[in-house]
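Trainee: let me see the structure of the following:
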Amino acid sequence: MTGLVNWLNATVCTAVLSVSSLALATEPAPAPTPEPIAEPVIWKYTLDPGKSKLWVVVKADRSTFVGRTFGHDHVIAATGWTGTVEWNYSDPSKCKVEIKVPVTGLVVDPSGARASQGFKKEETPEDDKKKITENFRGDTQLQASKYGDIKFSALSCSAVRGPVKVTGNLTIRGVSRKITADMNIIEGDRAFSGTGGFSILHSDFGFQPFEAVGGKMRNENALKFVLDVRGTAP
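Mentor: Numbers count the residues shown, from 1 in each chain. The predicted structure is shown next:
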């Protein structure tokens with residue numbers, strides 16, 4: 001009898017050990033601790049109008065004799081504007097650009113601007129500058145009395161090396177259109193620069209090029225934007 005009891009006890013102990021060993025063998029290993037996710041590096045730059053250029057090149061339509069003989073090309077430069085660039089180093093496609101240009105801050109042919117575009121080197125007389133300014137601020141052009149600002153707000157930037165396509169909404173005379181500017185971007189911890197440009201049509205924004213002499217002298221429909229913006233981060 002004693003031998004039987006001893007045999008039963010040994011059998012039960014062996015079974016318990018076997019079940020315990022199986023449970024230990026099948027228990028999943030603890031999951032590894034995940035590496036912390038790095039926060040995206042985002043810098044916000046304030047653009048400096050004093051070190052930047054926002055120019056619009058306006059060319060005379062030379063399809064008529066009057067235009068070929070008396071037409072002049074001009075550079076309209078923005079002054080007094082404000083702008084910021086938010087650049088995401090991890091994903092440049094999430095860029096943010098905001099620029100606001102007062103129409104009253106647009107000036108005609110600042111020194112050296114015409115020569116930089118290959119135009120005749122003669123400076124535009126001050127009286128002519130005054131008249132041109134009155135014309136583009138007028139009701140048939142930018143309607144400065146009603147629409148005080150020209151605005152650009154970026155929607156995205158292409159996340160590629162080399163030229164970056166900056167796509168956003170340009171608003172002129174209260175009309176917004178999507179445009180894409182090809183820009184060469186250089187960014188650092190404290191400094192940002194972007195050079196490039198784009199073209200639009202007067203008619204895309206609901207008005208026609210300025211004209212005179214019964215339409216025999218007028219500007220081209222196309223407008224070329226020349227951009228060289230620079231800024232710093234705090």
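Trainee: now do the SS call for Ala115.
Mentor: The three-state label given to Ala115 by DSSP: H, G, I helix; E, B strand; the rest coil is helix.
Trainee: buried stuff in stretch 198-210?
Mentor: By neighbour count on 16 or more other C-beta atoms under 10 Å, the buried set for stretch 198-210 is 198, 200, 202, 205, 207, 209-210. To be clear about C-beta, it is placed using only N, CA and C from the backbone, and glycine gets the same treatment.
Trainee: what about the chain, any weak spots by pLDDT?
Mentor: Along the chain, the model assigns pLDDT under 70 to residues 1-40, 121, 161-162.
Trainee: the strands in it, which residues?
Mentor: Secondary structure of the chain, counting by DSSP state E: strands at 42-47, 53-60, 74-78, 82-88, 96-102, 106-108, 149-157, 164-172, 175-187, 191-201, 211-212, 217-232.
Trainee: next, format those strands as a markdown table and append distance to Asn135.
Mentor: Listed next are these as a markdown table, based on distance: least, C-beta to C-beta, whole Å:
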| stretch | distance to Asn135 |
| --- | --- |
| strand 42-47 | 28 |
| strand 53-60 | 11 |
| strand 74-78 | 11 |
| strand 82-88 | 26 |
| strand 96-102 | 17 |
| strand 106-108 | 10 |
| strand 149-157 | 16 |
| strand 164-172 | 16 |
| strand 175-187 | 19 |
| strand 191-201 | 18 |
| strand 211-212 | 9 |
| strand 217-232 | 10 |
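Trainee: how about these, which one is nearest Ala115?
Mentor: Comparing the strands of the chain by their distance to Ala115 (C-beta to C-beta), the top pick is strand 74-78, with 9.6 Å.
Trainee: ok and the closest one relative to strand 149-157, angle-wise?
Mentor: Angle of strand 74-78 versus strand 149-157, following axes from the mean of the first three to the mean of the last three C-alpha atoms, to 10 degrees, is 80 degrees.
Trainee: contact partners of strand 74-78?
Mentor: Strand 74-78 has contacts (C-beta atoms under 8 Å, 6 or more residues apart in numbering) with 49, 53-58, 101, 105-110, 113-114, 116-117, 119, 124, 132, 136, 150.
Trainee: now with 7 Å?
Mentor: Applying C-beta atoms under 7 Å, 6 or more residues apart in numbering, the contact partners of strand 74-78 are 54-58, 101, 105-110, 113-114, 117, 124, 132, 136.
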